[in-house]
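S.K.: sequence? don't have it. structure:
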């Protein structure tokens, strides 16, 4: 016994003991990490099972997976999303998320899946996906912005405002977004009297000139006189389509008579009979000149360009349908042959 005890005081023995303990701790930590990863993977698979439904028409159950397939399949899913074949994009995204192991790639694909669900109109599913992404990575600004848009589309403005708060704490500029939410909530409020709504819209317009097009459009629906009074003659080009589709009963002849662009517009439209001078808007001037020379079948058609992502759309938008940007719509007018079916009000 006396020969054994001194071994415990041997420095070499102490070092070996420390190494053994460190190895044991490393193995336990590694094992726990593997267990947690497998548990997380199992939870993710259970989570994704809720979305693996009959609308996913591509059969991926027997498809073998290889990491080299990740990029081409992701591009294919994006192409399906862009062409409106959302069910195919969804099935590919689900297949990839279930099979890849890298956490950052999973989260990136889940964001894309959420956006596809949003485009397809499955707002509740998009919300659930973005909430799961944020549970794993709370400081994901893209997911926060998209979750806010989802709540906005669901008309759940209190929740949308809650999402803006963490964006502010992360240093994001949210003033424009908050005012857009205030505008959207105001327009959606059915309990507010029309007079009060008009008053608040005019106050909001003073604070946020970027909402000019949206607010003028709503004002023409609520109070024609207030809309004409709020009209900025320097910004007619921004609302040329709204003005073009106004019914004749909503025109303010006094205001039109004092503005060259408005006179040209409504002469080209056929509402006034006095030839107008050049407006500076090429398509409008060409159409007015054609009318003056006896060609009565001309009309204006409109497309809508997002100045941020450069995508063009056949209908107007408040948010770009592609990049979700605010205040980026640019109205583009085109001369076309008149069609009685297209002579309608935007309201």
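M.R.: Alright, I've got the coordinates. Predicted, not measured: the structure shown is a model, and the values here were computed from it.

S.K.: I'd like to know how many residues surround residue 89.
M.R.: The number of residues packed around residue 89, counting by other CB atoms under 10 Å, is 28. In short, each C-beta sits where N, CA and C put it, glycine included.

S.K.: Wait, it touches residue 73, no?
M.R.: No: with contact defined as CB atoms under 8 Å, residue 89 does not reach residue 73; the gap is 10.4 Å.

S.K.: and residue 102, how far is that from residue 108?
M.R.: Residue 102 sits 9 Å away from residue 108, going by CB to CB, to the nearest Å.

S.K.: ok, these two, which is more surrounded?
M.R.: Set residue 102 next to residue 108 and count neighbours by other CB under 10 Å: residue 108 wins out with 18 against 10.

S.K.: who's in contact with residue 324?
M.R.: 145, 146, 149 (CB atoms under 8 Å, 6 or more residues apart in numbering).

S.K.: now, among these, which is nearest to residue 67?
M.R.: Nearest to residue 67 among the contacts of residue 324 is residue 146, at 26.8 Å by CB to CB.

S.K.: give me every residue that touches the closest one.
M.R.: Listed by CB under 8 Å, 6+ apart, the contact partners of residue 146 are 111, 114, 115, 118, 126, 130, 324.

S.K.: Okay, domains of this structure per the record?
M.R.: Domain ranges of the chain: 1-41, 50-154, 173-230, 234-347, per automatic domain parsing.

S.K.: Now residue 138. Its backbone dihedrals?
M.R.: Dihedral pair for residue 138: phi -60, psi -30, per degrees, to the nearest 10.

S.K.: neighbours around it, how many?
M.R.: Residue 138 has 11 neighbours, counted by other CB under 10 Å.

S.K.: where in the stretch 1-150 of the chain is pLDDT low?
M.R.: The stretch 1-150 of the chain contains residues with pLDDT under 70 at 1-10, 13, 28, 30-63.

S.K.: So which residues of it form strands?
M.R.: In the stretch 1-150 of the chain, no segments count as strands under DSSP state E, counting those that start in this stretch.

S.K.: Residue 267 is in contact with residue 257, correct?
M.R.: No: the pair residue 257 / residue 267 is not scored as a contact, 11.4 Å apart, by CB under 8 Å.

S.K.: So if I had to pick from the two, which one is more boxed in?
M.R.: Set residue 257 next to residue 267 and count neighbours by other CB under 10 Å: residue 267 wins out with 22 against 12.

S.K.: which parts of whatever helix or strand residue 199 lives in are buried?
M.R.: Assigned by DSSP states H and E, residue 199 belongs to helix 194-207. For helix 194-207, the neighbour count (16 or more other CB atoms under 10 Å) marks 197, 198, 201, 204, 205 as buried.

S.K.: If you count contacts, what does that helix end up packed against?
M.R.: helix 175-188, helix 212-222, helix 224-230 (3 or more CB pairs under 8 Å, 6 or more residues apart in numbering; DSSP states H and E).

S.K.: now the first one against helix 212-222, angle please.
M.R.: Interaxial angle of helix 175-188 relative to helix 212-222 (axes from the mean of the first three to the mean of the last three CA atoms, to 10 degrees): 10 degrees.

S.K.: Packing partners of helix 175-188?
M.R.: Using 3+ CB pairs under 8 Å, 6+ apart: helix 175-188 touches helix 141-153, helix 157-169, helix 194-207, helix 212-222.

S.K.: Compare the contacts of residue 146 and tell me which has the most neighbours.
M.R.: Busiest of the contacts of residue 146 [other CB under 10 Å] is residue 130, holding 29 neighbours.

S.K.: Tell me if I'm right that it and residue 147 touch.
M.R.: Yes: if you go by CB under 8 Å, residue 130 and residue 147 touch, sitting 4.2 Å apart.
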